[in-house]
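Asker: quick one, structure for this:
(one chain, ligands or ions: 1)
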Amino acid sequence: MYKTTRGLVLREVSYRDSSKILTVLTESDGKLTISARGARRKGSKIAAAAQLLAFSEFTLFGRGGRWYLNEGSSIELFEGLRNDLGRFTLGQYVAQLLETVSDEDNPNIDILRLGLNSLYTLSQGKKVDTLVKAAFELRLMCLAGYAPMLDSCVQCGQKEMPVPMLDAYGGGLICSECATESGRMGIELCLSSLAAMRFITKADNERYFSFTLKEEALKRLSAATEQYVEVQLERSFRILEFYKKIAGGIEQ
Ligand SMILES: [Zn+2]
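Answerer: Numbering: from 1, shown residues only. Below you'll find the model as predicted:
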């Protein structure tokens, strides 16, 4: 049985001398595991399409519940990521988050689009990397069903907060009184970083990167969205620690 689909390579694992097992986020089937035989062989016709963070069209052959890559042609390789270690690492973080929230046999075109748009924006390099990272994290949480409550304090409902905080465990904002009372310290935001969070969750279509923040506010936003992801997905990402080590030497 043959099938043609388009998808983003989220993960690659080498096996045998010249082959790879790919995890691909496809338009038609959600997350798929695909054997790419010979993809590491010199001159292989599927090598470009089967590389990590490539968005490609794949012709697959299915047998015994497994999928084998028959033909592949790359559509977008996000070249701007491939000559920049920091951005490539951030791209891998994007891929790992997409993998974590995606299921097999459950396609979600909005999640795939968000991933592609984020990689494309990082690759273009016209937006600050930290802004793309934070907006991707928060928007992904919304699409995956973990949208935070950002209108008022999740405990007392108060809307006016001089020092708003994000309580990742409580799933939304917490005011300083409730934080003190419950002993749960949230991540401190400010009016600009909170406004950015509200913008990202509500922005139409693919406008979620269309904002700017001063450096300090952007740091608060990024710290908050990062912790929110960790708490909601109940795991941390080692690639992010690696990215921070690299980025510490490059930017900001
Ligand atoms: Zn409160």
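Asker: quick check: residues of the chain near the ion?
Answerer: Proximity of the chain to the ion (Cβ under 5 Å from the ion) is limited to residues 153, 155-156, 158, 175, 178. The C-beta positions use only the backbone N, C-alpha and C, and glycine is treated the same way.
Asker: buried subset of the residues you listed?
Answerer: For these, a neighbour count by 16 or more other Cβ atoms under 10 Å gives the buried set as 153, 155, 175, 178.
Asker: helix, strand or coil for the second one?
Answerer: When you say that, I think you mean Q155. Secondary structure state of Q155, per DSSP: H, G, I helix; E, B strand; the rest coil, is coil.
Asker: which intervals of the stretch 1-150 of the chain have sub-threshold pLDDT?
Answerer: Applying pLDDT under 70 to the stretch 1-150 of the chain flags no residue at all.
Asker: all strands for it, in order.
Answerer: Listed in chain order, the strands of the stretch 1-150 of the chain (DSSP state E, counting those that start in this stretch) span 2-15, 19-26, 30-36, 55-63, 66-76.
Asker: could you export those as TSV, including mean neighbour count?
Answerer: Written out in TSV, the entries for the strands of the stretch 1-150 of the chain read as follows (neighbours: other Cβ atoms under 10 Å):
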stretch	mean neighbour count
strand 2-15	17
strand 19-26	22
strand 30-36	21
strand 55-63	18
strand 66-76	17
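Asker: close enough to count as contact, R37 and Y68?
Answerer: Yes. Between R37 and Y68 a contact is recorded at 6.6 Å, counting by Cβ atoms under 8 Å.
Asker: got the contact list for the residue of the stretch 1-150 of the chain at minimum distance from the ion?
Answerer: The nearest approach of the stretch 1-150 of the chain to the ion comes at M149, 11.9 Å away (Cβ to the ion). Going by Cβ atoms under 8 Å, 6 or more residues apart in numbering, M149 touches 171-173.
Asker: also P162?
Answerer: Contacts were defined as Cβ under 8 Å, 6+ apart; by that measure P162 touches S176.
Asker: if I look at it, how far off is L194?
Answerer: Counting by Cβ to Cβ, to the nearest Å, the gap from P162 to L194 is 11 Å.
Asker: follow-up on the earlier one: filter the contacts of M149 to the buried ones?
Answerer: Burial of these was assessed by neighbour count (16+ other Cβ under 10 Å); the buried members are 171-173.
Asker: run a quick neighbour tally on the residue lying closest to G62 once chain neighbours are set aside.
Answerer: Leaving out its chain neighbours, the residue that sits closest to G62 by Cβ to Cβ, 6 or more residues apart in numbering is M1, at 4.5 Å. Here the neighbour count serves as a burial measure; for M1 (other Cβ atoms under 10 Å) it reads 7.
Asker: CSV for the contacts of M149, including pLDDT, secondary structure and distance to L221?
Answerer: Converted to CSV, the contacts of M149 look like this (pLDDT from 0 to 100; DSSP: H, G, I helix; E, B strand; the rest coil; distance: Cβ to Cβ, whole Å):
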residue, pLDDT, secondary structure, distance to L221
G171, 95, coil, 17
G172, 96, strand, 15
L173, 96, strand, 14
